[in-house]
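In: sequence and predicted model, in that order:
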Amino acid sequence: QERVLGLESLQLHLEEDLDESRSWHHQECELFERSEELYFEAKEHAAQEVEVLNQLEERLQVTQEEYQESDRADRENLSRALEAEEKLRVSQKQQRLAEEKSLTILHRFAKEAA
C-alpha cells in the first residue's frame, strides 16, 4: 500500500509538473506570437520610414536642382547687369568726351568770332 501511495504521489507530482509545463508552453507560445506581431509591426514601420526617407530624398534633389537653376539664373543676371553697367560707363565716357569736344569747338568759334 505504501508503494501505491508512493506511485499515486509520484503521479500527482508528474501531473502537476505536466500542468506547469503546459502552462509554460502556453506562455511561450503567447510570447512568440506577440514577438511575431511586434516583428511585423516593426518591419512595416521600417518600410514606411524608408518610403518617407525616399520622398525626402526626392524633395531634396528637386530643391537642389531648383537652387542650382536659381543660382545659374542669378549669375546670368549679375553678368548681364555688369555688362550693362560697363556699357553705361563707356557711354557716359563717350558723352563726356563729346561734350568736351563740343566745348572746345565752341571756345574756338568764340575766339574766332571775337
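Out: Now that the structure is in, tell me what you want to look at.

In: for Glu100, grab the count of nearby residues.
Out: If you count neighbours by other C-beta atoms under 10 Å, Glu100 ends up with 10. Just so you know, the C-beta spots here come from the backbone N, C-alpha and C atoms, and that holds for glycine as well.

In: check contacts around it.
Out: For Glu100, the contact set (C-beta atoms under 8 Å, 6 or more residues apart in numbering) is empty.

In: tell me which element it falls in.
Out: helix 2-113 (DSSP states H and E).

In: pull the number of nearby residues for Ser70.
Out: Using other C-beta under 10 Å: Ser70 sits among 10 other residues.

In: do the same with Gln61
Out: Neighbour count for Gln61, taken as other C-beta under 10 Å: 10.

In: now do Gln55
Out: Neighbours of Gln55 (other C-beta under 10 Å): 10.
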